[in-house]
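[1] Here you go, sequence then predicted model.
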Amino acid sequence: MPTLNIGQKATRTQTITDEMIRTFAALTGDSNPVHLDDAFAATTRFGRRIAHGMLAASLISAALANDLPGPGTVYLSQSIQFKAPVFPGDTITAIIEVKSIRNDKPIAILTTICVNQENVTIIEGEAAVLMSS
């Protein structure tokens, strides 16, 4: 079981590209024009295309699996609150922090936040994970 400490943090950063948005749409079947059509998106409250919220949230999954707790980690749950839109070209940083660790099982609770390049919080949440033993 990985050694974790309360307050331990990890980050993972990715720039969200048009190609990523289009690939995510193809993989998931989410072809909402707010993500894919410039003319349609211009008529929305955002004024331009936005990335899929779950695309940005997937950076949390990558951080959990690769960085903290790391390889072998399996999601048990994830709460997500979308706070602000992500636009093509935004650079998103997922910040993972250990909130608690169970003594009887290899389960950790982590706070999960994503911010953009201007340090605006775009996602807040909490994850429960089963750590590799």
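    Okay, I see it. Residues are numbered from 1 along each chain as shown.

[2] contacts, neighbours, all on C-alpha from now
    OK.

[3] The spatially most distant residue from the centre of the chain and Thr91, how far apart?
    Residue farthest from the centre of the chain, counting by CA atoms, centre = their mean, is Asp104 at 27.9 Å. Taking CA to CA, to the nearest Å as the measure, Asp104 falls 38 Å from Thr91.

[4] swap in Asn119?
    Applying CA to CA, the value for Asn119 to Thr91 is 10 Å.

[5] element containing the most centrally placed residue in the chain, please.
    Geometric centre of the chain, nearest residue: Ala57, 2.3 Å, by CA atoms, centre = their mean. In this assignment (DSSP states H and E), Ala57 forms part of helix 53-66.

[6] How far off centre is that helix?
    Average the C-alpha atoms of helix 53-66, do the same for its chain, and the two points are 4 Å apart (CA atoms, centre = their mean, to the nearest Å).

[7] cool, stretch 52-60 as well?
    Distance, centroid of stretch 52-60 to centroid of chain: 4 Å (CA atoms, centre = their mean).

[8] Identify the residues contacting that stretch?
    Applying CA atoms under 8 Å, 6 or more residues apart in numbering, the external contacts of stretch 52-60 come out as 12-14, 16, 21, 24, 35, 82, 85-86, 92-96, 112-114, 123.

[9] can you do 6 Å?
    Here stretch 52-60 makes contact (CA atoms under 6 Å, 6 or more residues apart in numbering) with Ala94.

[10] tell me the mean pLDDT for that stretch?
    Averaging pLDDT along stretch 52-60 yields 96.

[11] What of stretch 67-83?
    Averaged over stretch 67-83, pLDDT sits at 94.

[12] in that stretch, what counts as buried?
    67-69, 73-74, 78, 82 (16 or more other CA atoms under 10 Å).
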